[in-house]
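Asks: quick one: sequence plus predicted model below, questions after.
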Amino acid sequence: MASYEEKHASAMSRPEKSVNLTDTSLNSSGSDSDLAATRQRILEQQELEKTEPPVLPITTLFRRNKLNKNLDQLATQPSVYDDPDLAKYFQPTAKYENLHRFDPSARWTWGEELPLINKLDWKITLWACVAFFSLDLDRGNLSQANTDNFLEDLGLDTNDFNLGNTVFRLSFLCAELPSQLISKKLGPDRWIPTIMCLWSIVAASQFWLSGRSSFLTCRALLGLLQGGFIPDVILYLSYFFKGTELPFRLALFWTSLRVTDIVAPILAFGLLRLRGLHGYEGWRWLFLLEGLFTLSIGIWSWFMMAASPTQTKSWWNKKGWFTEREETIMVNRILRDDPSKGDMHNRQAVDFKLLWKSLCDYDLWPMYAIGLTFLIPAGPPDSYLTLTLRTLGFGTFDSNLLSIPTQVLGAITMLLLTYYSEIFNERTFFGILAQVWLLPCLIALRTLKDDTSPWARFAVLTVLLSYPTAHAMQVGWCSRNSNTVRTRTVSAAVYNMFVQVGGIIHANIYRQDDRPNCKLMQPCRQSS
């Protein structure tokens, strides 16, 4: 096996094919647009000259000792910083918070890098998963409340339920970009714990819901406070992980959503049995106690989130998380993978001019279109799963338990799809694969006869909702193609905004006035 030095020397000895460093347009002192174009051309050329697949230590969380790496071999990957003529176009800005650890001459081994990635997974990825668990617990417990006669107790019907989901999604949608811009200015380590604590308070206050107005108000407030969380965390994770590592971490991040959907029904089964305690319905206790639980996670996040790889020290942790050597490895492996991450300070705002330039990056528009549409086919069956199961004759407890297999299988298929999309460096095919999975199941639901066995209908729903969602893969794809920190900041929010618009669309597909001809999902046949 060739050493790093041999591979690197071979790569750097190849003649340039399309990047001419004597071209007057390639002037590091030129305009911002010229410099950006130059950098993009250089990076594209570097990508074309790669002869081996990228190193993917994306399973270190589980299999660090099975990666078949020679731990004494250099892990430092070739980059533009190895050529002085190219490196001048990619120097980090003087404002970059990790500049004091930037060293293009730094070299390290797999024996140093793999344990460091493992440490990042336990401190950063694990926190992100727990935080997402808290978001989805407060966002999704309305589904469990529905199994405890929530709508009937408040005098609501299916259209009110749909309207509440729409209000939540619209609020979520409107908050995403502003929240992301605030986070970029203040820093994710400050903004994310703030919104986590605030939405938990609102979630707990649903204990005192009294009717349609208070229901819609709480859904709006929850949407406004939760809207920026996902893009904020995506940007935060990109500070610590390389482009090839991020999608699998995002898959773990979204797996926590599946875990929530498994744990939440079990928690709900116990909490809903509190109906009658002090004269209150069970769903009120559900909202209150789960809101207080997620509030504790928000408070914990204040102490868990580090601002950057070199900013982990605090008054309660004076030693920090990493040694100087580990900080040097983290900073340089990130910049060698994506030099654009050194272009801005982590508490530097994106002004209107930069925002507009990022929005006008038309290369990302197809990704936004994908985000708009890809969840629509499975959205309604997923939203109405517990209500469907109850209408099929299953009890409250059984309905909640029967929703678990889809979550387990869906998490497994998502992790596999994301993993293999990186292994094969192919995303379009795997994105199409998810939609191909859904189509036969939707056709089956449409053509099932009314007297079909409840278990047969349940089996079709389980296969349908176990599909391998490409969400994590696509978010990582969008982040990797953003090329600058400010575009990555904006694109993470805009992509998720289009996802929420798609959610608004599928939230209104099944309506009260579709009765009794709603063949796909049985809740439309319920009496209100």
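Replies: Done, it's in.
Asks: tell me the mean pLDDT for stretch 339-356?
Replies: Across stretch 339-356, the average pLDDT comes to 88.
Asks: for L295, give me the pLDDT.
Replies: Listed pLDDT for L295 reads 97.
Asks: residues contacting it?
Replies: Residues in contact with L295 (C-beta atoms under 8 Å, 6 or more residues apart in numbering) are 197, 200-201, 204. Every residue, glycine included, has its C-beta placed from N, CA and C.
Asks: and if you look at W477?
Replies: W477 is in contact with 247, 367, 427, counting by C-beta under 8 Å, 6+ apart.
Asks: so the last one touches S421, yeah?
Replies: If I follow you right, that is R427. Yes - assessed by C-beta atoms under 8 Å, R427 is found in contact with S421 at 5.2 Å.
Asks: can you tell me the closest non-neighbouring residue to L246?
Replies: Nearest residue to L246, sequence neighbours excluded (C-beta to C-beta, 6 or more residues apart in numbering): G476, at 4.8 Å.
Asks: got the contact list for the one you found?
Replies: 243, 246-247, 250, 418.
Asks: try L461
Replies: 381, 385, 388, 406, 441, 445 are the contacts of L461 under C-beta under 8 Å, 6+ apart.
Asks: turn the residues you listed into TSV, including pLDDT and secondary structure.
Replies: Converted to TSV, those look like this (pLDDT from 0 to 100; DSSP: H, G, I helix; E, B strand; the rest coil):
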residue	pLDDT	secondary structure
P381	84	helix
L385	81	helix
T388	80	helix
T406	88	helix
C441	89	helix
L445	83	helix
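Asks: what subset of those is buried?
Replies: 381, 385, 388, 406, 441, 445 (16 or more other C-beta atoms under 10 Å).
Asks: now the second one: how far from D103?
Replies: Yep, that's L385 we're talking about. To D103, L385 is 52 Å away according to C-beta to C-beta, to the nearest Å.
Asks: which strands and helices sit next to the helix or strand where T386 lies?
Replies: Under the criterion of DSSP states H and E, T386 resides in helix 385-391. With contacts defined as 3 or more C-beta pairs under 8 Å, 6 or more residues apart in numbering; DSSP states H and E, helix 385-391 has these neighbours: helix 126-146, helix 396-402, helix 454-465.
Asks: now do the last one: distance to the chain's middle.
Replies: In terms of C-alpha atoms, centre = their mean, to the nearest Å, the centre of helix 454-465 is set 27 Å apart from its chain centre.
Asks: C-terminal to it, what's the next element?
Replies: Following helix 454-465 in sequence order, the next helix or strand is helix 471-480 (DSSP H and E).
Asks: contact partners for N165?
Replies: Contact analysis of N165 by C-beta under 8 Å, 6+ apart lists 219, 383, 507.
Asks: restricted to helices, list those residues.
Replies: Taking DSSP state H, the ones among the contacts of N165 that sit in helices are 219, 383, 507.
Asks: correct me, but the first one touches F168?
Replies: Yes - between R219 and F168 there is a contact at 4.2 Å, judged by C-beta under 8 Å.
Asks: buried set for the helix ranked longest in the chain?
Replies: The single longest helix within the chain, with elements called by DSSP H, is helix 158-186. By 16+ other C-beta under 10 Å, the buried positions in helix 158-186 come out as 158, 160-177, 179-184.
Asks: how far does stretch 413-433 sit from the chain's center?
Replies: The answer for stretch 413-433 is 16 Å, by C-alpha atoms, centre = their mean.
Asks: where does K313 fall, phi/psi-wise?
Replies: When read as degrees, to the nearest 10, the backbone of K313 gives phi -80, psi 150.
Asks: isn't there a strand covering T312?
Replies: No - read with DSSP: H, G, I helix; E, B strand; the rest coil, T312 is coil and lies in no strand.
Asks: any idea how far it is from L114?
Replies: 20 Å.
Asks: for L292, same thing?
Replies: Distance of L292 to L114, given as C-beta to C-beta: 39 Å.
Asks: higher neighbour count, the two?
Replies: Using other C-beta atoms under 10 Å as the criterion, L292 and L114 rank with L114 on top: 18 against 14.
Asks: L151 touches F161, doesn't it?
Replies: Yes - with contacts counted by C-beta under 8 Å, L151 reaches F161, the gap being 6.1 Å.
Asks: CSV please, covering the contacts of W477 and showing neighbour count.
Replies: Output for the contacts of W477, formatted as CSV (neighbours: other C-beta atoms under 10 Å):
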residue, neighbour count
P247, 27
M367, 20
R427, 19
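Asks: among the residues you listed, which lie within helices?
Replies: Of the contacts of W477, the ones assigned to helices by DSSP H are 247, 367.
Asks: quick one: which of the contacts of W477 is nearest T413?
Replies: Closest approach between the contacts of W477 and T413, by C-beta to C-beta: P247, at 14.8 Å.
Asks: could you check how far the nearest residue to A507 once chain neighbours are set aside is from I505?
Replies: Distances taken as C-beta to C-beta, 6+ apart put N165 closest to A507, at 4.4 Å, once the chain neighbours are dropped. As judged by C-beta to C-beta, N165 and I505 stand 11 Å apart.
Asks: and G291, by the same measure?
Replies: Note on G291: its distance to I505, by C-beta to C-beta, is 29 Å.
Asks: cool, D85 as well?
Replies: Computed as C-beta to C-beta, the D85 to I505 distance reads 50 Å.
Asks: now I124
Replies: For I124, the distance to I505 equals 34 Å [C-beta to C-beta].
Asks: neighbour count for the two, which is higher?
Replies: Higher neighbour count among I124 and I505: I124, with 22 against 17, using other C-beta under 10 Å.
Asks: buried residues, the helix or strand harbouring V202. List them.
Replies: Using DSSP H and E, V202 maps to helix 188-205. If you call a residue buried by 16+ other C-beta under 10 Å, then helix 188-205 has these buried ones: 188-189, 191-200, 202-205.
Asks: return the closest of those with respect to T328.
Replies: D189 (21.1 Å).
Asks: what pLDDT does that closest one get?
Replies: For D189, the pLDDT comes out at 94.
Asks: got phi/psi on the closest residue to it other than its chain neighbours?
Replies: When the adjacent residues along the chain are set aside, D189 lies closest to M305, with 4.0 Å between them (C-beta to C-beta, 6+ apart). Main-chain dihedrals, M305, degrees, to the nearest 10: phi -90, psi 120.
Asks: A349 against L186, yeah?
Replies: No - A349 lies out of contact with L186 (C-beta under 8 Å); the separation is 9.0 Å.
Asks: picking up where we left off before, which residues do R427 and S421 both contact?
Replies: Counting by C-beta under 8 Å, 6+ apart, the contacts common to R427 and S421 are 470, 473.
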